[in-house]
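**Student:** curious how this folds, go ahead:
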Amino acid sequence: MNKELWEKILSFDFDNPPSEYGFSTRLANENFWTKDFTELAILEYKKFMYLATTSEFMVSPSEIVDTVWHQHLIFTQSYQDFCILIGKTIQHIPSTHNKEEYEKFKLAKERTKKFYSNNFGEQPNTIWEYNDMYGSLNLEKSKFKIRTFIIFGILSFIALTIPAYFLLKPIYLQVHNPYFILGFIPLCILTFIGLEFYNRNKLKEIVKSFDDNSFIYKLQPYELVYLKTQKLGNIINGTVNELIDNKTIIVNSDNSIELLKQNNTNSKEELQTTSVLSELGKTFYPNLLSQLANKPIFWNTANCMDAFKKYFNKSKKFGNLFYLNFGVLSILLMFGFIRLASGIIRERPVTQILIATIILIIITIVFLNRLTKLVCTQTIPDLYKTEILPTRQIENNWQWSYFLLGSAVLTTAFVPLVNYIDKNNSNGSSCGTSCGSSCGSSCSSCGGCGGD
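**Tutor:** Numbering: from 1, shown residues only. Model prediction:
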């Protein structure tokens, strides 16, 4: 192995010069990749380019490595500088999918794997065996979309109402109020408890079926913060808090904030924050929050996690779980609906069962909607808390503490600003009725929490 060449390739920075939508940020955003997966894909691309430089035969990239390569070709100056560095211009040869080329690329793939093994060891299958980041989840796509199933389920519910009425009517005639309602409510409670217990265990089982080296087991703290809370603002809160904690940003007595040091940053998120604050000057936090929420480095975290949720919800395994919940709760609703219809037809008092049925419908909608988020808000965060993090050294890592403890670890001076945002649910875009104590003045004097 040419160690000197490899060190040069390894040290090449694709994000130089730094920019708001640089190489790695754009790569992650366009492919909905996590931060760790993006870094790994870039590393494997560098390894591939080393092989292409030193081999005497054609080498073949994986789909993911090829994606990075395509991205690098777009950054023409960077690609040109890279080729000068390695002393060779690597030509990208697209496949035309004819039979002769198939055999050529197949042979190149076999040679590449062997050559890679001789230089770097075993290829990580998340990059070299799968076509995208989600392949390692081992999730087969469902034949039906959840939305389609819900529409079909509602129509089936309506169609089954009449036969269900005649089936249940003889039983309901024997059960008088308040005995029905006294039995129906506990049945509903036990059903929801049973489904909740089953769902948690089933989702945990599905997550455990992911490959051990899947991206899900290598998430960053802020990615987990978003998964757990589903709020982009919480990622920004954490980044700003770290800058306040290391004295890069100061919170003034009137609750305005300003930048003290320009170059005291440890991440791209912090660099973006200080850059925006440098442009804004002295400002109030809602204004900074609204500015940062539109920056790629932050919303990419939300995008990749939302993409995972959509991918998971479209899987056959989750689909089967959702169908089961929908079916059980539909049967439960049918019991209440038929009782209500029976009472109306017989001109009996139906106020109690009407209220109970309406409440059950609302709870069912909330429960099923929550189920579509449960793997993100609970299953994966709990997996990190109970199994993954206990094996890591995270005692002195503030970001992991923030994931585990939330706003409890925020700097004292920053807490009122965050609480104000949460209370008004403005996400930095509006002031509400007044600026309150967090702005330290009236709306007119602070520019509506959005001025400088």
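**Student:** residue ranges of the strands in the stretch 251-400 of the chain, please?
**Tutor:** 256-259, 283-284 (DSSP state E, counting those that start in this stretch).
**Student:** and the longest one, what other elements does it pack with?
**Tutor:** Helices and strands touching strand 256-259, by 3 or more CB pairs under 8 Å, 6 or more residues apart in numbering; DSSP states H and E, are strand 249-251, helix 268-280, strand 283-284. All C-beta atoms are positioned from the backbone trio N, CA, C, and that covers glycine.
**Student:** winner for burial among the strands of the stretch 251-400 of the chain?
**Tutor:** strand 283-284 (a mean of 26; mean count of other CB atoms under 10 Å).
**Student:** what domains does the record give for this protein?
**Tutor:** 3-131, 146-209+315-372, 221-306+377-446 (automatic domain parsing).
**Student:** in CSV, list these along with distance to E140.
**Tutor:** Shown next, in CSV, are these (distance: least, CB to CB, whole Å):
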stretch, distance to E140
domain 3-131, 14
domain 146-209+315-372, 4
domain 221-306+377-446, 19
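**Student:** mean pLDDT for these: which is lowest?
**Tutor:** Ranked by mean pLDDT, the domains of the chain bottom out at domain 221-306+377-446, with a mean of 83.
**Student:** from the chain's centre, how far out does that one sit?
**Tutor:** Centre-to-centre, domain 221-306+377-446 and its host chain are 17 Å apart (CA atoms, centre = their mean, to the nearest Å).
**Student:** thinking again about what came up before, how about the strands of the stretch 251-400 of the chain in CSV, adding distance to N199?
**Tutor:** Below are the strands of the stretch 251-400 of the chain laid out as CSV (distance: least, CB to CB, whole Å):
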stretch, distance to N199
strand 256-259, 42
strand 283-284, 42
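**Student:** how far does stretch 39-50 sit from its chain's centre?
**Tutor:** For stretch 39-50, the distance to the chain centre is 24 Å (CA atoms, centre = their mean).
**Student:** just use 708 as the starting number from now, easier for me
**Tutor:** Happy to do that; since the first residue is 708 now, the last one works out to stretch 746-757.
**Student:** which residues does that stretch contact?
**Tutor:** 709, 712-713, 716-717, 719, 721, 731, 734, 740, 766, 768-769, 771-772, 774-776, 779, 789, 793, 797, 819, 823, 826-827, 830-831, 833-835 (CB atoms under 8 Å, 6 or more residues apart in numbering).
**Student:** just the buried members of those residues?
**Tutor:** 713, 716, 719, 721, 731, 734, 740, 766, 768-769, 771-772, 774-776, 779, 789, 793, 797, 819, 823, 827, 830-831, 833-835 (16 or more other CB atoms under 10 Å).
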